[in-house]
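K.L.:
what would the 3D arrangement of this be:
(one chain, ligands or ions: 1)
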Amino acid sequence: MILKRFNYIDGKISRIKNNHYYTYFEKKKLCRYPDTSISSIEKIILSANKGFHINKNLSNYQRSISFKKIINYLKKNCNQIAKYECIETGKKFENAKKEINNGIKYWIAAQKLIKNKNIFQTNKNIDIITEPIGVVLLFIPWNYPFIVLCERLPFILAAGCGVIIKPSEFAATSLDFVVKAISKSMYLKKSVNIVYGSGKKIGSYLVKSKGIDMISFTGSTDTAKKIISNSHKGCIKKLSLELGGKNPIIVNDLFEIKKNIKSIVEIIMENGGQACIGGSLIYVNSKIYKTFKEYIVKELDLFKNYQYPVRKHIRNNHYNHVNLNKIFYGKKNIKSKLNKPILVENLSSQDRINTKEIFSPLISLKKFSSIKKLISNLNKSDYGLAAYLFTQEKKQIEFFKRNIRYGRVWINSSLKNWDINSPIGGFRNSGYGQETSQIGLNNYRVFKTIVN
Ligand code: NAD
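P.N.:
Sure thing, here's the model as predicted:
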């Protein structure tokens, strides 16, 4: 059965007769989406503006009631959402379920922040008041449709904004549950709109439009560059950009290898190597390089949880550029239909495998001898999203903490130790702006200063 999805505009499901597009896997149709026409955009923007004013004028109590209804609906349908999340992304049910549960936790965290007053500060004759920024255009990528949405949408709504969601054209079926939850949320029912269509056509038209105050974009750095140059066309808009990464894992000593080799494999294999924060460069202290190779090869041999099918439209053509002589693990995986790991070594620093984001577990190993020099070089690289350090040396840890210019940093830790109350963001080509937590909520506010 082919799933069908519809736009949601002005608090109602909006059907169109013709013009649809489909998602596929191995020539099998998965889901049908409306290919929204440019002529309907003005109506959608008007509706989002109306939805913004409704939300802006809600009391905290009313907004909180709506959140409660949304959270209850999502909780009740958690298994179903996880089932649909798997269809286009290739995730396994257990992994999807963890993501959906975490997504719901973001709604709960944002609901707690609704209690905050909007008077920020009062000094003698000056009041500083927070205001919702207005209408937010929210772009969602294909690899984590539900959780990326939940890291942003509840905070946008808690701030009092109106929203237009433009999901990925490659994976978005689970978002239907968010629409259903919103439609049952009473007060916030009209504050969210969802519009499907290609990024190139409908996405870029929305980006240029008037009537949008802010763009919250999560996706690739290449698309972000287009958005930056198009976004000012209709009117000046605030941008918040959560982009790609080329994330280093620095391994300094044997003690931490023994303890953490499993975590290192999890970091490189997260979402089948298709995660913005997944590790793809491993820098190993030259003194232990040989031993580390033995450990990682052994651990990868034990790792059998390969589940993510290779999607042609997603895996970029970096594989064609791999020099086969440089592969020391997984040569046969190049032709696999699943995202299986491939380890390479001795590539030059300029090699595209060492510099570009690659959405597959294609991992490059390098030696280092001075951590200071390594950090200085990493800080000059294009991306600055996530970095991982495994070391026992306290001085090294302190130096790393103070000097590394990456947005999310783990030290002797694993991905599962993330706390949802922490803000997320990046440096350089990994974007700017912060999402989630009180800091993320303030991202969707402006501060108004009143002298009286
Ligand atoms: P993408 O850039 O291809 O698409 C993202 C969104 O932009 C989609 O909704 C798409 O329809 C839209 N879009 C595409 N072209 C557009 C255009 N010209 N104008 C306006 N909109 C356009 O990204 P993707 O392949 O869906 O997702 C993978 C990327 O997202 C990776 O680079 C990954 O690192 C990044 N990502 C980052 C984070 C983070 O938190 N930093 C999280 C998840 C994914």
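K.L.:
make it CA atoms for all contacts and neighbour counts henceforth
P.N.:
OK.
K.L.:
confidence score at the closest residue in space to D253 that isn't next to it in sequence?
P.N.:
Using C-alpha to C-alpha, 6 or more residues apart in numbering and skipping residues adjacent in sequence, the residue nearest D253 is T391, 5.7 Å away. For T391, the model assigns a pLDDT of 95.
K.L.:
quick one, what contacts T391?
P.N.:
Neighbour list for T391: V251, N252, D253, F255, E256, I397, I411, N412 [criterion: C-alpha atoms under 8 Å, 6 or more residues apart in numbering].
K.L.:
got a quick ChimeraX command for the buried subset of those residues?
P.N.:
Buried members of the contacts of T391, defined by 16 or more other C-alpha atoms under 10 Å, are picked up in ChimeraX with:
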select :251,252,253,256,397,411,412
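K.L.:
specify which member of the contacts of T391 is nearest to S204.
P.N.:
Nearest to S204 out of the contacts of T391 is I411 (C-alpha to C-alpha; 38.9 Å).
K.L.:
pretty sure the closest one sits against Y388.
P.N.:
Yes. The criterion here is C-alpha atoms under 8 Å, and I411 meets it with Y388 at 5.9 Å.
K.L.:
which of the contacts of T391 has the weakest pLDDT?
P.N.:
E256 (79).
K.L.:
in three-state terms, label S216 for me.
P.N.:
strand (DSSP: H, G, I helix; E, B strand; the rest coil).
K.L.:
ok, K83 to K76 distance?
P.N.:
From K83 across to K76, the span is 13 Å (C-alpha to C-alpha, to the nearest Å).
K.L.:
what about those two, which has more around it?
P.N.:
More crowded of K83 and K76, by other C-alpha atoms under 10 Å: K83, with 18 against 11.
K.L.:
help me confirm that the more buried one is found in a helix?
P.N.:
Yes. Looking at K83 with three-state DSSP, it is inside a helix.
K.L.:
near the spatially closest residue to it that is not a sequence neighbour, how many other residues are there?
P.N.:
Nearest residue to K83, sequence neighbours excluded (C-alpha to C-alpha, 6+ apart): F93, at 6.2 Å. Residues contacting F93 under the criterion other C-alpha under 10 Å number 18.
K.L.:
show me what contacts F93?
P.N.:
Contact analysis of F93 by C-alpha under 8 Å, 6+ apart lists A82, K83, C86.
K.L.:
now, among those residues, which is nearest to V192?
P.N.:
A82 (21.8 Å).
K.L.:
nearest residue to the middle of this protein?
P.N.:
By C-alpha atoms, centre = their mean, the mean C-alpha position of the chain lies nearest to V148, the distance being 4.7 Å.
K.L.:
about what we covered before: let me have the contacts of F93 in TSV, extended by distance to I126 and pLDDT.
P.N.:
Listed next are the contacts of F93 as TSV, based on distance: C-alpha to C-alpha, whole Å; pLDDT from 0 to 100:
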residue	distance to I126	pLDDT
A82	49	98
K83	52	97
C86	52	95
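K.L.:
possible to save those as TSV with distance to G407?
P.N.:
Below are those laid out as TSV (distance: C-alpha to C-alpha, whole Å):
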residue	distance to G407
A82	28
K83	31
C86	28
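K.L.:
how near is K448 to D127?
P.N.:
8 Å.
K.L.:
quick one: the helices in this structure?
P.N.:
In the chain, the helices defined using DSSP state H lie at 41-56, 60-76, 78-89, 93-113, 145-159, 175-183, 204-208, 221-231, 254-269, 289-302, 352-355, 371-379, 394-403, 437-442.
K.L.:
out of those helices, deepest packed?
P.N.:
Each of the helices of the chain was scored by mean neighbour count; the highest is helix 145-159, a mean of 25, by mean count of other C-alpha atoms under 10 Å.
K.L.:
show the average pLDDT along that helix.
P.N.:
Helix 145-159 shows a mean pLDDT of 98.
K.L.:
can you list the domains in the protein?
P.N.:
Structural domains assigned to the chain are 3-243+430-451, 247-411, following automatic domain parsing.
K.L.:
for those, which one sits closest to N421?
P.N.:
Proximity to N421, assessed across those by C-alpha to C-alpha, is greatest for domain 3-243+430-451 (5.2 Å).
K.L.:
quick one: is that closest one near the ligand?
P.N.:
Yes. Using C-alpha under 6 Å from any ligand atom, domain 3-243+430-451 reaches the ligand at 139-143, 166-169, 198-200, 203-204, 218-220, 223, 226-227, 242-243.
K.L.:
next, find the distance separating R445 from R152.
P.N.:
Distance from R445 to R152, by C-alpha to C-alpha: 13 Å.
K.L.:
ok, now S364?
P.N.:
Taking C-alpha to C-alpha as the measure, S364 falls 32 Å from R152.
K.L.:
mind listing what P167 touches?
P.N.:
P167 sits in contact with F139, I140, P141, W142, P145, I194, V195, Y196, where contact means C-alpha under 8 Å, 6+ apart.
K.L.:
for it, give me phi and psi.
P.N.:
When read as degrees, to the nearest 10, the backbone of P167 gives phi -80, psi 170.
K.L.:
of K448 and D127, who's got more company?
P.N.:
More neighbours surround D127 than the other of K448 and D127, with 16 against 12 (other C-alpha under 10 Å).
K.L.:
quick one: contacts for the spatially closest residue to that one that is not a sequence neighbour?
P.N.:
Spatially, and ignoring its direct neighbours in sequence, D127 is nearest to I450 (5.1 Å; C-alpha to C-alpha, 6+ apart). By C-alpha under 8 Å, 6+ apart, the residues touching I450 are I126, D127, I128, I129.
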